[in-house]
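J.: Fold the stuff below for me.
(one chain, ligands or ions: 3)
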Amino acid sequence: MTLLASLADIVGQKNVLTGEELAPYLTDWRNMATGKAQCAVRPGSTAEVSGVVKVCAAAGVPVVTQSGNTSLVGGATPDDKGNAVILLMSRLNKIRALDADNATITVDAGMILQNLQAAARDAGFLFPLSLAAEGSCMIGGNLATNAGGTQVLRYGNMRDLTLGLEVVCADGEIWDGLRGLRKDNTGYDLRDLFIGSEGTLGIITAATLKLFPQPAAKCTAMLALSSVENAVAVLRRARKAFDTALTGYELMAGVCLDMVHQCFPQQKIPFADKPAWYALLEISDAEGEEHARAMFEAMLGESFEAGEIDDAVIAENLTQSKDLWHLRESITLAQAQAVKSIKHDISVPVSNMVSFIEKTDAELQEKFPGLLNMTFGHLGDGNLHYNVGSSERFSGDDLMKNYDAIYNLVHDNAHAHQGSISAEHGIGAFKIDELPRYKQARELDLMKRIKAAFDPLNILNPGKVLR
Ligand code: FAD
Ligand code: 2HG
Ligand code: ZN
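T.: Numbering: from 1, shown residues only. Ligands and ions are numbered 1, 2, ... in the order given. Just a heads-up that it's a prediction; the model follows:
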């Protein structure tokens, strides 16, 4: 029997996609990479995922797991050899259990993040992971990339939100680790190894996740700032004033919101005088509207007096708050439409951020005059999307010609500032050659040994994370 016939036996003929049906799954979200594959399959259960992996393992065929295909590092795109099978997770999209006393929810890995947020809300809870791709990314993809987003300050990354996993291993056997325990010290933590492994160690088919109380009130403000130094000063003050009530602190260079308005003119910038930088500040309060508003306004008042903030717009209601967040969340799409760009998903300690930005901006302008700096991101977590783009003075061709040199310059500076070259999006295919430049040899060696132990045939997402 051919491979495709064996796969059809497991998932049904209509769930084996080839030709035109396969095409949408061969290219990444940014249209940066297009690969080839024998087919894509859509299993409908963990048992079917297991069957697919067993057949592929027996044939030595690579398996590329794809969920929402929103990876920004080419992580879910097959290489160009053409022998891979793409495993689509979209049919595994059910809630398995919600345990109110344990404050947990167990879901299939193909559930779209936004649907999970809604299900939690309907049950009176909050599932806090929040990112601009939430309408299409899936829980398995969030887990495989240890996704971050805009609420990490308060709730942590996807790893912090996860208690248990179900995983199909590289030989097709199922590991049932769907535990709802907040304490479990019974040896090595396999769960935390699978989280962030980008489809290279196993296929996550379900997860037990933490739920939180819905906050009684939220306050959101957009701030106009003259410098990153001031943005850091506001963060320091906000941490002290709000402690765990501080849920979001996002920084945006002026050019980012200009680009959003240019691409989506219905989205208005809420200041007449455009500042160099914007920050989006949000708190969530357990007590209520009045308490939240009083502490929010007090902190902003002090910050004004100290000269850290030039102007501020406080959202008066949920609609205004959503509009402010919508500006922030549209930046990725606007950058994708307006310019050619290189993404640098870096993190450094917040205390090193000003120095990192000043040095890197200056060095880039000296070497590549006219290159467009369009930095934004999660300043509260020390994670900025230090993206650079083409401009009238620096063409898209120039940008692509100098891709490696720009990548190295920015990553070298992040490393020199005790930082990381990937805070959120992972290594995928695009950063695979950058990783050995910055990881210690010992770390890389241990990673390779883990990969060999979990996937001795190297069939799980080959060409991603490690060569
Ligand atoms: P995919 O893109 O399909 O896959 C991502 C990786 O995970 C691939 O390596 C894939 O092989 C692997 N994988 C997928 N499913 C599984 C599974 N079930 N088992 C094992 N491996 C699997 N990321 C952030 O961290 N924070 C953000 O704020 C953020 N914002 C974004 C905004 C936009 C507009 C876009 C396009 C992307 C953003 N991202 C962000 C990046 C991306 O959305 C996240 O990494 C997301 O978690 C990926 O989920 P996905 O379902 O699309 O996964
Ligand atoms: C975000 O924070 C995402 O919105 C995407 O991580 C970042 O576009 C980017 O580079
Ligand atoms: Zn981000």
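J.: and the residue nearest to G248 when sequence neighbours are not counted, how many neighbours does it have?
T.: In space, and not counting its chain neighbours, G248 is closest to E282: 3.8 Å by CB to CB, 6 or more residues apart in numbering. The way it works is simple: take the backbone N, C-alpha and C, and place the C-beta from them, glycine included. The local packing count at E282 equals 26, with neighbours defined by other CB atoms under 10 Å.
J.: Close to ligand 1: what parts of the chain are there?
T.: Residues of the chain found near ligand 1 (CB under 6 Å from any ligand atom) are 29, 64-72, 75-76, 89, 109, 131-133, 137-138, 140-142, 144-145, 147-149, 198-199, 203-204, 332, 424-425, 428, 461, 464.
J.: Tell me the secondary structure at the residue nearest to G248.
T.: Classification of E282 into helix, strand or coil gives strand, according to DSSP: H, G, I helix; E, B strand; the rest coil.
J.: so it touches A238, yeah?
T.: No. No contact is recorded between E282 and A238 when judged using CB atoms under 8 Å, the distance being 9.8 Å.
J.: list the residues that contact both of these two?
T.: Residues touching both E282 and A238 (CB atoms under 8 Å, 6 or more residues apart in numbering): L246, Y249.
J.: Select the longest helix from this protein.
T.: In terms of residue count, the longest helix belonging to the chain (DSSP state H) is helix 289-305.
J.: From the chain's centroid, how far away is that one?
T.: Remark: helix 289-305 is offset 31 Å from the chain centroid, using CA atoms, centre = their mean, to the nearest Å.
J.: same thing with stretch 223-230?
T.: What separates the centre of stretch 223-230 from the centre of its chain is 25 Å, taken as CA atoms, centre = their mean.
J.: same deal with stretch 133-143?
T.: In this view, stretch 133-143 has its centroid 9 Å away from the chain centroid, taken as CA atoms, centre = their mean.
J.: Could you check that stretch and say which residues are buried?
T.: By neighbour count with 16 or more other CB atoms under 10 Å, stretch 133-143 contains the buried residues A133, E134, C137, M138, I139, G140, G141, N142, L143.
J.: how many other residues sit next to the nearest residue in space to the first one that is not next to it in sequence?
T.: In space, not counting the residues next to it along the chain, A133 is nearest to T70; the distance is 4.1 Å by CB to CB, 6+ apart. Residues contacting T70 under the criterion other CB under 10 Å number 25.
J.: Assess the claim that T70 and A132 are in contact.
T.: No. No contact is recorded between T70 and A132 when judged using CB under 8 Å, the distance being 9.0 Å.
J.: Could I get the full set of strands for the stretch 351-467 of the chain?
T.: Using DSSP state E, counting those that start in this stretch, the strands found in the stretch 351-467 of the chain span residues 372-378, 383-389.
J.: pLDDT of the first one, averaged?
T.: The predicted model assigns strand 372-378 a mean pLDDT of 98.
J.: Can you confirm whether that strand lies near ligand 2?
T.: Yes. Contact between strand 372-378 and ligand 2, assessed by CB under 6 Å from any ligand atom, occurs at G377.
J.: Contacts for that strand next, please.
T.: Applying CB under 8 Å, 6+ apart, the contact partners of strand 372-378 are 148-150, 152-153, 249-253, 255-256, 259, 328, 331, 335, 339, 341, 357, 361, 364, 383-391, 394, 423-424.
J.: what's near enough to touch whatever residue of the stretch 101-250 of the chain ends up closest to ligand 2?
T.: Closest to ligand 2 within the stretch 101-250 of the chain is A132: 4.7 Å, counting by CB to the nearest ligand atom. Taking CB under 8 Å, 6+ apart, we find A132 in contact with E329, S330, I331, T332, L333.
J.: The third one: how many residues sit nearby?
T.: Looking back up the chat, that one is I331. For I331, the tally of surrounding residues (other CB under 10 Å) stands at 23.
J.: got it, and the last one?
T.: For L333, the tally of surrounding residues (other CB under 10 Å) stands at 15.
J.: Secondary structure element for it, which one?
T.: helix 331-338 (DSSP states H and E).
J.: Run the contact check for that helix versus ligand 2.
T.: Yes. Helix 331-338 comes into contact with ligand 2 when judged by CB under 6 Å from any ligand atom, the residues involved being T332.
J.: E316: neighbouring residues, count only.
T.: Summarising burial for E316: neighbours were counted as other CB under 10 Å, giving 9.
J.: my bad, K439
T.: Under the neighbour criterion other CB under 10 Å, K439 is assigned a count of 16.
J.: related to what we said a few turns ago, tell me who's in contact with the residue nearest to G248.
T.: E282 sits in contact with K218, C219, T220, A221, L246, T247, G248, Y249, S321, where contact means CB under 8 Å, 6+ apart.
J.: Mind doing that once more with 7 Å?
T.: K218, C219, T220, T247, G248 (CB atoms under 7 Å, 6 or more residues apart in numbering).
J.: of all those, which comes closest to ligand 1?
T.: For ligand 1, the nearest member of these is G248. The distance, counting by CB to the nearest ligand atom, is 11.2 Å.
J.: That closest one: what secondary structure?
T.: Under three-state DSSP, the three-state class of G248 is strand.
J.: That one reaches L153, doesn't it?
T.: Yes. The pair G248 and L153 passes the contact test of CB atoms under 7 Å, sitting 6.3 Å apart.
J.: of those two, who's got more company?
T.: It is G248, of G248 and L153, that has more neighbours when counted by other CB under 10 Å, with 24 against 21.
J.: residue contacts, the more buried one?
T.: With contacts defined as CB under 7 Å, 6+ apart, the neighbours of G248 are T150, Q151, L153, L280, E282, G380.
J.: same deal with M295?
T.: Under the criterion of CB under 7 Å, 6+ apart, the contact list for M295 reads A241, F242.
J.: One more pass at 10 Å, please.
T.: When the contact criterion is CB atoms under 10 Å, 6 or more residues apart in numbering, the partners of M295 are C219, A241, F242, A245, I283, D285, E287.
J.: Find the closest residue to ligand 1 in the stretch 151-300 of the chain.
T.: Evaluated by CB to the nearest ligand atom, the stretch 151-300 of the chain has G199 as its residue closest to ligand 1, separated by 2.8 Å.
J.: dump the residue contacts of that residue.
T.: Residues touching G199, when contacts are defined by CB under 10 Å, 6+ apart, comprise 63-67, 71, 75-76, 87, 140-141, 144-145, 426, 428, 460-461, 464-465.
J.: Can you report how many residues lie near the closest residue to I203 other than its chain neighbours?
T.: For I203, the nearest residue in space outside its immediate sequence neighbours is V168; the separation is 4.4 Å by CB to CB, 6+ apart. Here the count is done by other CB under 10 Å, and V168 has 28 residues near it.
J.: Same question for E329.
T.: Burial of E329, expressed as a neighbour count using other CB under 10 Å, amounts to 19.
J.: on that earlier part again, so how do I select the buried members of the contacts of strand 372-378 in PyMOL?
T.: Buried residues within the contacts of strand 372-378, as defined by 16+ other CB under 10 Å, are selected in PyMOL through the command that follows:
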select buried, resi 148+149+150+152+153+249+250+251+252+253+255+256+259+328+331+335+339+341+357+361+364+383+384+385+386+387+388+389+390+391+394+423+424
